[in-house]
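In: can't give you the sequence, but here's the structure:
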């Protein structure tokens with residue numbers, strides 16, 4: 001989604017932008033086609049052969065698999081409706097329905113998330129989705145809280161709250177003008193379409209769930225290296241007393257979500273204080289201190305080469321965990337991961353933009 005959105009922004013007068021928009025909207029319609037109104041969710045996986053407790057392709061009429069990661073896909077639907085508004089508002093309705101079903105079923109009483117839910121779509125109804133089983137595909141145990149899953153939830157609910165704010169304000173302005181709303185927008189960056197001091201008009205239910213997910217996440221972090229989240233919040237440390245594996249990708253996703261949350265909360269009516277900027281900075285600082293890979297450099301030669309330094313890391317950050325579940329076909333931890341680098345760069349860009357707009361100062365960052 002970010003790639004096509006940037007094309008639309010940077011090439012707004014060109015054929016490239018039209019192609020990007022067409023692809024973007026087609027992707028949103030494809031995603032929306034996976035929605036089941038009886039379950040109230042978008043289907044995540046069609047199947048999972050070796051790990052889904054007997055769920056196979058020929059079971060798809062009954063089994064409906066939903067992962068917490070799916071919260072990250074909802075902004076595709078919200079953004080597509082923003083780009084191509086309709087009277088039915090069907091895409092945003094699908095996104096919000098999925099989010100609220102996730103609130104009802106994907107969270108433990110503690111505020112932590114489970115990874116996978118298998119719904120019985122033959123017995124489900126809009127009033128009562130029927131759950132066959134909850135389990136962990138990438139976490140430590142079925143009842144545990146997988147670190148990156150909690151981060152996906154935090155980020156996804158914050159972004160969904162943000163998009164409902166954008167859409168509600170656009171719709172209100174359009175109604176007031178009795179025609180299409182014409183806001184100045186930079187669609188490459190949602191921060192650009194927030195009036196700096198405008199009151200939040202989004203869905204409070206989604207914002208509150210983002211707060212709950214963030215509070216759970218932050219409460220289970222320590223200081224120094226333990227400010228970088230573990231791969232699973234319930235996985236015990238090693239018998240020798242050393243820490244269990246970290247997951248830097250979870251930390252960077254969560255930090256970016258917390259920056260969004262901070263920016264939304266400061267626009268609520270009443271006192272606008274928020275702890276989430278400082279929470280995000282705590283994770284970021286620990287990550288830079290403990291999880292940065294050696295600096296790479298170009299070396300002379302024909303052809304020139306790149307010296308990746310000690311360890312030959314090809315990522316900016318290390319200490320991510322891909323999947324360390326005991327049933328994983330390929331267990332991989334203490335490694336580089338594209339999610340970590342992507343959201344690390346996103347965090348940096350968000351902080352720069354927030355400072356440029358006067359929402360934070362360099363003093364906040366020190």
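Out: On my side now, so go ahead. No experiment lies behind these values; they were computed from the predicted model shown.

In: now residue 215: closest residue in space that isn't a chain neighbour?
Out: If the residues on either side of it in the chain are set aside, residue 215 comes closest to residue 111, at 6.8 Å by CB to CB, 6 or more residues apart in numbering. Where you see a C-beta, it was placed from the backbone N, CA and C, and this is true even at glycine.

In: what's the burial count for that neighbour?
Out: Number of residues near residue 111 (other CB atoms under 10 Å) recorded here: 18.

In: which residues in the chain form helices?
Out: For the chain, the helices defined by DSSP state H cover 2-10, 15-32, 74-83, 90-105, 147-177, 204-219, 248-265, 276-291, 338-356, 362-365.

In: what angle do helix 74-83 and the fifth one make with each other?
Out: Read that as helix 147-177. Counting by axes from the mean of the first three to the mean of the last three CA atoms, to 10 degrees, helix 147-177 lies at 20 degrees to helix 74-83.

In: who are the packing partners of helix 147-177?
Out: For helix 147-177, the elements it packs on are helix 74-83, helix 90-105, helix 204-219, helix 248-265, judged by 3 or more CB pairs under 8 Å, 6 or more residues apart in numbering; DSSP states H and E.

In: that one vs helix 276-291, what angle?
Out: Helix 147-177 runs at 140 degrees relative to helix 276-291, counting by the same axes, to 10 degrees.

In: show me which residues of helix 147-177 are buried.
Out: By neighbour count on 16 or more other CB atoms under 10 Å, the buried set for helix 147-177 is 147-167, 169-171.

In: ok, the nearest residue to residue 73 once chain neighbours are set aside - how many residues close by?
Out: Spatial nearest neighbour of residue 73, excluding adjacent residues (CB to CB, 6+ apart): residue 31 at 6.1 Å. Look at residue 31: counted by other CB under 10 Å, it has 20 neighbours.

In: from residue 203, how far out is residue 31?
Out: 19 Å (CB to CB, to the nearest Å).

In: before we move on, back to that, of the helices and strands packed on helix 147-177, which is nearest residue 130?
Out: Smallest distance to residue 130 across these (CB to CB): 10.4 Å, for helix 90-105.

In: how many neighbouring residues does the nearest residue to residue 200 once chain neighbours are set aside have?
Out: Nearest residue to residue 200, sequence neighbours excluded (CB to CB, 6+ apart): residue 267, at 4.4 Å. Neighbourhood size, residue 267 [other CB under 10 Å]: 18.

In: cool, and residue 332?
Out: There are 13 residues near residue 332, going by other CB under 10 Å.

In: can you tell me the average pLDDT over stretch 129-136?
Out: When pLDDT is averaged along stretch 129-136, the result is 92.

In: same question, stretch 71-83
Out: 93.

In: now that stretch: how far from the chain's centre is it?
Out: Chain-centre distance of stretch 71-83: 12 Å, with CA atoms, centre = their mean, to the nearest Å.

In: how about that stretch: buried residues?
Out: Buried-residue list, stretch 71-83, by 16+ other CB under 10 Å: 71-82.

In: which one of these is nearest residue 300?
Out: Closest to residue 300, out of all of those and judged by CB to CB, is residue 72, at 42.3 Å.

In: contact partners for that closest one?
Out: By CB atoms under 8 Å, 6 or more residues apart in numbering, the contact list for residue 72 reads 152, 155-156, 159.

In: repeat that with 10 Å
Out: Contact analysis of residue 72 by CB atoms under 10 Å, 6 or more residues apart in numbering lists 1, 151-153, 155-156, 159-160, 253.

In: using TSV, please lay out the helices of the chain together with distance to residue 229.
Out: As requested, the helices of the chain are arranged in TSV below (distance: least, CB to CB, whole Å):
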stretch	distance to residue 229
helix 2-10	23
helix 15-32	28
helix 74-83	23
helix 90-105	20
helix 147-177	5
helix 204-219	7
helix 248-265	5
helix 276-291	8
helix 338-356	11
helix 362-365	21
